[in-house]
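>>> Need coordinates for the following:
(one chain, ligands or ions: 1)
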Amino acid sequence: DKYKEGLSKTRSSFSGKINDLVARYRKVDEDFFEDLEEILISADVGVATVMDLIDELKMEVKRRNIKDSKEVKEVISEKLVDIYYGEEAEDVEQLNLNQNGLSVILFVGVNGVGKTTTIGKMAHQLKEEGKKVVMAAGDTFRAGAIEQLDVWGERVGVEVIKHNAGSDPAAVIFDGIQAARSRGADVLLCDTAGRLQNKVNLMNELSKVKKVISREIPEAPHEVLLVLDATTGQNAMSQAKTFSEATDVSGIVLTKLDGTAKGGIVLAIRNEMSIPVKYVGLGEKVTDLQAFDAHAFVYGLFA
Ligand code: GDP
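Residues are numbered from 1 along each chain as shown. A predicted model of the protein is given here:
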């Protein structure tokens, strides 16, 4: 499946290390757990999450009286899934969409993480589901962002509402809403600029955009999706912190998991930030966006 295919690079490094570990230790002892701890931390799982996981594993190993390291491998994947879901019901994360009226989705994130690509892929996916989609080129700051969204618009056959570079993003998104309404669209996907240098600026710009949206549609934006590049590891974590301080982030799209990303960042974000990962990017093609599914993800890493 898509997960197995897309995660092949991440898997060969992660699962390879776990297999080595299992081969090196026949018995499950304190040293085994120490080495496992190192592997998980180097896979970007995040120290706090690793500690939780190791504690859980030790308890489970004791409870089931597991002696053989091979058997532990299965428990590791079970616990990774458990850690991901925490107290919540196991379910594939769904987009929060308005079922009878226009839904507005705002995309935030720094330049280069794959924001435009993700919007293009999502436009395609929603269109395939039979929804009418409009995109708003709200990143008026980065040179080329408007043209790039336009290219995606043509590629997937979705209209792009745009102004000139340098214009007010809130005005573009306002026009996007009007256009989406007059076309009877189901979903408006809004790009935004990803300036992080100044948190106050970022906060002001995002709150202005959100104000314009909610003035038109009180319950909107229906989602604020933060796009993060999985290959940047702890950097992605710190972006998640900054953006969630600047605005209410409802979900995360983790891109480039097909690359040499270590994958553990998925768990770290969920466990340490309590923000669900809603989608993952597993490649550059239009079909390479997957709704996040922790089971498929973890088993994609181990398969
Ligand atoms: P933006 O600046 O955040 O809008 O980023 P772009 O959408 O322009 O993406 C930056 C680069 O990352 C482009 O070369 C994309 O093709 C690439 N990219 C985006 N998502 C993925 C992904 O899931 N996997 C891979 N391998 N590349 C991606």
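>>> The helix or strand harbouring residue 224 pairs with which strands, parallel or anti?
Counting by DSSP states H and E, the element that carries residue 224 is strand 223-229. Applying DSSP bridges to the sheet, strand 223-229 is found paired with strand 103-108 (parallel), strand 251-255 (parallel).
>>> closest to the ligand out of those strands?
Minimum separation from the ligand across these (CB to the nearest ligand atom) falls at strand 251-255, 4.0 Å. (Glycine included, C-beta is placed from N, CA and C.)
>>> outside of that closest one, which residues touch it?
For strand 251-255, the surrounding residues in contact (CB atoms under 8 Å, 6 or more residues apart in numbering) are 93, 95, 107, 113-114, 117-118, 223-230, 236, 240, 265-266, 269, 275-281, 289, 292.
>>> And the strands in the stretch 101-250 of the chain?
103-108, 133-136, 159-161, 187-190, 223-229 (DSSP state E, counting those that start in this stretch).
>>> Tell me which of the strands paired with strand 223-229 sits nearest to residue 217.
Of all those, it is strand 103-108 that lies closest to residue 217, at 6.3 Å by CB to CB.
>>> Quick check, the residue in the chain closest to the ligand?
Closest point on the chain to the ligand, by CB to the nearest ligand atom, is residue 281, at 2.5 Å.
>>> List the residues that contact that residue.
By CB under 8 Å, 6+ apart, residue 281 lies in contact with 114, 117, 118, 121, 253, 254, 255, 256, 257, 258, 288, 289.
>>> how about the nearest residue to it, chain neighbours excluded?
Counting by CB to CB, 6 or more residues apart in numbering, residue 281 lies nearest to residue 255, which is 3.4 Å off, once chain neighbours are set aside.
>>> residues near the residue lying closest to residue 175 once chain neighbours are set aside, how many?
Take residue 175 and drop its neighbours on the chain: the residue closest to it by CB to CB, 6+ apart is residue 161, 5.3 Å away. Each residue near residue 161 was counted by other CB atoms under 10 Å, and the total is 23.
>>> What score does residue 161 have for pLDDT?
Looking at residue 161, its pLDDT reads 98.
>>> what would the strands paired with strand 223-229 look like in a markdown table with mean neighbour count, distance to the ligand and mean pLDDT?
Converted to a markdown table, the strands paired with strand 223-229 look like this (neighbours: other CB atoms under 10 Å; distance: least, CB to the nearest ligand atom, whole Å; pLDDT from 0 to 100):
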| stretch | mean neighbour count | distance to the ligand | mean pLDDT |
| --- | --- | --- | --- |
| strand 103-108 | 25 | 9 | 97 |
| strand 251-255 | 26 | 4 | 94 |
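>>> rewinding a little: of the contacts of residue 281, which belong to helices?
117, 118, 121 (DSSP state H).
>>> Make CSV from those and add pLDDT to it.
Shown next, in CSV, are the ones in helices among the contacts of residue 281 (pLDDT from 0 to 100):
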residue, pLDDT
117, 96
118, 98
121, 97
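>>> between the residues you listed, which is nearest residue 136?
Nearest member of the ones in helices among the contacts of residue 281 to residue 136, counting by CB to CB, is residue 118, at 14.5 Å.
>>> contacting residues around the closest one?
Each residue near residue 118 by CB under 8 Å, 6+ apart is listed here: 107, 225, 227, 253, 255, 279, 281, 289.
>>> try it again with 7 Å
For residue 118, the contacting residues are 107, 227, 253, 255, 281, 289, by CB atoms under 7 Å, 6 or more residues apart in numbering.
>>> Thank you, goodbye.
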